[in-house]
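Trainee: got a structure for you, letters missing:
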């Protein structure tokens, strides 16, 4: 690093100066651009404001209005259309009972005829706009500073890469690997190299996860977040308790910087693409020890049809995130079981792959975690003779313990909450899992169009291994059978591992079809829960992708050994030509998929997160049993007090509430608050006494939180989601585990002078 600074000190100083200037601009005070009071709107049901000019930048619209519970008001900032999409804003709806709303307005070039537009629905006099304001904020400066930082990082990285080439530290094979993988990432990301996005099946849900996490962090009170407050018109949803938010923090931070929800999401997808390429290359390189083989394997994985379909058609972001880490798990297991005479450095590297891999999968997608853990247990049982060797059982044991302790902050609160209450997923069972599998014809449908968009193929889409993967499997089987039938057959050193990988690829493909007895397994008492939770067998195409990619990587080594024994004088040329053809099929099919998604799917422009609403909970698996979302869709509501109980001064900031209560009656009274009654809410009093209010075990209307106010009690109450003490304990355990692992690696590197492969301390 010091040498790089010496060589490029002028460039780095210029970059630092530019970044410093950008950061100073981030502290600019906001400026009022336009304001219109309620007197000018005259309570009209629809209308538009005076015109105003906007320079390039990011603005924030702020609206105060009084809306009855049976009314709504849509407000947007528009222009006269003289410049195509110069002003980017969707507007938003204020629902009944909502008093304030703000949203961002992005302006790319000067617009001279911008204006507020509004329209409302409700009984006469139900809509009253107090004022509409538009402020020029420093959001644009924050975005510009971040873009400069990313640009300078990319430039410095390319300069360091160039220097490595000139110094001979980066071979031509490694250079080719870098550019091929970069091209693979470009192809797989092609549908989002646009100014719009496609709305896959789960995109709405994940967009709300991002926005919900952002809003909850801004409101404070929870870290890590357990129950997001943004959902269901502020009632909250416990998605963070059951669906890891660790990696969702990436687009959330982009939203906090000021990027639109669509741009944040698309940048997050690009991060997933790059991470998948880098992690899979590293994993396959550790297994094969060959740059070319690792590159081929990584390309097969990055361009896997199911992975592309997962991101753009299903928008299964959790599953796509988990697929980043599947190669690490495979690599860790392979090196633990395969290597002989391994030293401590090798063992730590293999353990790190397992720990990081399982941690990443657990924090991304629980169903993929289920498949990965069951798969690892099967490996341990199949290779039981090796499993109980001292070195292997030690490596597996250490990896398992560290992984459990490191992720204790997530899985322990989740299991704790599962025991505290029952949720809708407890009763949601779909016994039709087998018919959701792909038919045999689907396995060989090499160029399907966007999966579920095909008639009668929703959730059983023929998105399979792909033409290149099938060619590799068929070639391996044919050539190996041919050699085995020859009299002078010889043994290829990669036969065994490639047979295992090919077998696992075919078996996982079989699991994704309707011919595996899923319905039979769904009737078994213990297995039933795990099987039905999968929903559809095509999820097994995630492990199919990693097994197929690993098989392609080892096929490169296998075919090199094979060609040495071929009598043909052009054996080397035949192999090179064959591999080139396979890669051509791989790239060609990926271009077909990506092009189909980019050009044949309806485009969406989502600039204003508030425009999405907050009710997209999908099946609502994490809603407590008995709770109903009815009444939460289009209205905000105040607390509901039992007859005889008085309350006043109610304020709500996310899931933090403040209310003054007075119970003059001779018996307890209840107050229902407008949040879902998840276990873990706590009450803090302004002046605590012996007879204090408490959270009821039962829930109120629609599952709202109910608090009990004792007879004769009066005082100010502060209610918020606090969780349980076990949450704090689990967080401390995870933090201490991370510190201990870090200190151990630092000690190993400093005191023993040995570099741990694959780990940067």
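Mentor: The structure has been received and is ready for your questions. This structure is a prediction, so every number in the text was calculated from the model and none was measured. Residues are numbered from 1 along each chain as shown.
Trainee: Can you pull the domain assignment for the protein?
Mentor: 1-24+150-170, 31-137, 433-604, 640-721 (automatic domain parsing).
Trainee: Put together TSV for these, with distance to residue 247 on each row.
Mentor: The way it works is simple: take the backbone N, C-alpha and C, and place the C-beta from them, glycine included. Formatted as TSV, these follow (distance: least, Cβ to Cβ, whole Å):
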stretch	distance to residue 247
domain 1-24+150-170	18
domain 31-137	24
domain 433-604	16
domain 640-721	22
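Trainee: Go through these and name the closest to residue 311.
Mentor: Smallest distance to residue 311 across the domains of the chain (Cβ to Cβ): 8.9 Å, for domain 433-604.
Trainee: so how far is the first residue of that closest one from its last?
Mentor: Domain 433-604 has an end-to-end distance of 32 Å (Cα to Cα, to the nearest Å).
Trainee: Can you pull the phi/psi pair for the nearest residue to residue 109 once chain neighbours are set aside?
Mentor: Spatial nearest neighbour of residue 109, excluding adjacent residues (Cβ to Cβ, 6 or more residues apart in numbering): residue 86 at 4.6 Å. Note on residue 86: its backbone torsions stand at phi -70, psi -30 [degrees, to the nearest 10].
Trainee: With mean pLDDT and mean neighbour count as new columns, can the domains of the chain be given to me in a markdown table?
Mentor: Below are the domains of the chain laid out as a markdown table (pLDDT from 0 to 100; neighbours: other Cβ atoms under 10 Å):
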| stretch | mean pLDDT | mean neighbour count |
| --- | --- | --- |
| domain 1-24+150-170 | 85 | 12 |
| domain 31-137 | 86 | 17 |
| domain 433-604 | 83 | 17 |
| domain 640-721 | 90 | 17 |
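Trainee: closest to residue 209 out of these?
Mentor: That would be domain 640-721 among the domains of the chain, by Cβ to Cβ, at 15.7 Å.
Trainee: Distance from the closest one to the middle of the chain?
Mentor: With Cα atoms, centre = their mean, to the nearest Å as the basis, domain 640-721 stands 36 Å off its chain's centre.
Trainee: So residue 219 is in contact with residue 657, correct?
Mentor: No. Here residue 219 does not reach residue 657: they are 11.2 Å apart, not a contact under Cβ atoms under 8 Å.
Trainee: related to what we said a few turns ago, hmm, the residue nearest to residue 109 is touching residue 106, no?
Mentor: No. Counting by Cβ under 8 Å, residue 86 sits too far from residue 106 to count as a contact (9.5 Å).
Trainee: How many residues are close by residue 397?
Mentor: Number of residues near residue 397 (other Cβ atoms under 10 Å) recorded here: 11.
Trainee: Next: the one 4 residues further on.
Mentor: Residues near residue 401, counting by other Cβ under 10 Å, number 12.
Trainee: Check which helix or strand it maps to.
Mentor: In this structure, residue 401 sits in helix 390-406 according to DSSP states H and E.
Trainee: Buried residues of that helix, list them for me.
Mentor: 392, 395-396, 399-400, 402-406 (16 or more other Cβ atoms under 10 Å).
Trainee: closest to residue 205 out of the domains of the chain?
Mentor: Using Cβ to Cβ, the nearest of the domains of the chain to residue 205 is domain 433-604, at 14.3 Å.
Trainee: that's a strand at residue 698, yeah?
Mentor: No. Read with DSSP: H, G, I helix; E, B strand; the rest coil, residue 698 is coil and lies in no strand.
Trainee: any idea how far the residue nearest to residue 109 is from residue 357?
Mentor: To residue 357, residue 86 is 46 Å away according to Cβ to Cβ, to the nearest Å.
Trainee: how about the strands in the stretch 1-150 of the chain?
Mentor: 31-37, 46-48, 52-54, 57-67, 72-78, 87-88, 92-95, 100-107, 111-121, 127-136 (DSSP state E, counting those that start in this stretch).
Trainee: With distance to residue 586 as extra columns, can I get these in a markdown table?
Mentor: A markdown table is the format used below for the strands of the stretch 1-150 of the chain (distance: least, Cβ to Cβ, whole Å):
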| stretch | distance to residue 586 |
| --- | --- |
| strand 31-37 | 52 |
| strand 46-48 | 53 |
| strand 52-54 | 47 |
| strand 57-67 | 41 |
| strand 72-78 | 45 |
| strand 87-88 | 37 |
| strand 92-95 | 44 |
| strand 100-107 | 38 |
| strand 111-121 | 45 |
| strand 127-136 | 49 |
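Trainee: Quick check: which of those strands is nearest to residue 515?
Mentor: strand 92-95 (48.0 Å).
Trainee: Now residue 682: which helix or strand?
Mentor: strand 681-685.
Trainee: just the helices in the stretch 301-450 of the chain please.
Mentor: Taking DSSP state H, counting those that start in this stretch to define them, one finds helices in the stretch 301-450 of the chain at 305-312, 317-338, 344-362, 366-382, 384-387, 390-406, 408-420, 440-443.
Trainee: thinking again about what came up before, which strands and helices lie in contact with the strand holding residue 682?
Mentor: In terms of contacts (3 or more Cβ pairs under 8 Å, 6 or more residues apart in numbering; DSSP states H and E), strand 681-685 is packed against strand 694-695, strand 714-721.
Trainee: mind putting the ones you listed in a markdown table, distance to residue 470 included?
Mentor: As requested, those are arranged in a markdown table below (distance: least, Cβ to Cβ, whole Å):
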| stretch | distance to residue 470 |
| --- | --- |
| strand 694-695 | 58 |
| strand 714-721 | 51 |
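Trainee: Nearest to residue 622, out of those strands?
Mentor: Nearest of the helices and strands packed on strand 681-685 (Cβ to Cβ): strand 714-721, 14.0 Å.
Trainee: so the closest one versus strand 681-685, what angle?
Mentor: Strand 714-721 runs at 150 degrees relative to strand 681-685, counting by axes from the mean of the first three to the mean of the last three Cα atoms, to 10 degrees.
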